[in-house]
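Chemist: Fold the stuff below for me.
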Amino acid sequence: MAADYAAVRAGVADLEGTALRFRAARDRLFREYPESPVAAERRRDWRGIDWYAYAPAWRLKGVVELVAKRETFEIPLAADGVVRCTRAGQVRFAVGGRQARLAVYWLEGYGGGLWLPFTDATSGADTYGGGRYLYDTIKGADLGAGAREMVLDFNYAYHPSCVYDPRWSCPLSPPENRLPFAVPAGERLPPGERR
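Modeler: Alright, predicted model coming up:
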């Protein structure tokens, strides 16, 4: 996945084409990788990930603000105990004239690294109720960041592995990262699979 995200960072001249190639690579990974979140017995008939249509308006730049006082808390996992998170900062952005912000966390377990999960008005209907991930350095899911700026391309928002198979235990998005509007971009649940 890290190489696929590197290709996305390099493919800014053709954003939609790059997204289509990324989606095909992700489907291939889910079908062929031994540790795929899609159970082996389901892979032959698996139709691939369901995505919203690519929407250029959901590729944004956010302003990164580090927090002065970092707070550490625990997120319970269904089967694996808890994962400790530290709020490292937040990223402010605007979309369609709406101002928003999302917290960015440092995961102290579960592979470590920076993590940006979120829920929105599609969560529990068109997308997984526990949220989607937008940025996760353990998977190389970094579309570009600097000291004060971060690329937020919601077209790459993805479901955690537990959506595809309950044998996976995934940290869910903390309540503070709920956006009050719909984000019709990125992965969505197949029709009829509301969770």
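
Chemist: Please give me every residue in contact with Pro180.
Modeler: Shown in contact with Pro180 (CB atoms under 8 Å, 6 or more residues apart in numbering): 100, 120-121. The way it works is simple: take the backbone N, C-alpha and C, and place the C-beta from them, glycine included.

Chemist: If you rank those residues by neighbours, which is first?
Modeler: Of all these, Asp120 has the most neighbours under the rule other CB atoms under 10 Å, reaching 22 neighbours.

Chemist: circling back to that earlier point, among the contacts of Pro180, which one sits closest to Ser173?
Modeler: Asp120 (9.6 Å; CB to CB).

Chemist: shouldn't the closest one be in contact with Ala185?
Modeler: No. Look at Asp120 against Ala185 with CB atoms under 8 Å: they stay out of range, at 9.7 Å.

Chemist: which residue ranges form the strands in the chain?
Modeler: Ranges of strands within the chain are 50-51, 59-66, 72-77, 81-95, 98-107, 113-118, 132-136, 149-153, 187-188, based on DSSP state E.

Chemist: which one of those has the lowest average pLDDT?
Modeler: Here the strands of the chain differ in mean pLDDT, and the lowest is strand 72-77 at a mean of 80.

Chemist: between it and strand 81-95, how many degrees?
Modeler: 110 degrees (axes from the mean of the first three to the mean of the last three CA atoms, to 10 degrees).

Chemist: Which strand residues bridge Arg84?
Modeler: Taking DSSP bridges as the rule, Arg84 bridges to Glu74.

Chemist: Same check on the one 10 residues further on?
Modeler: Going by DSSP bridges, Ala94 is paired in beta bridges with Gln99.

Chemist: tell me the centre residue of this protein?
Modeler: In the chain, the centroid-proximal residue (CA atoms, centre = their mean) is Tyr133; its distance is 1.9 Å.
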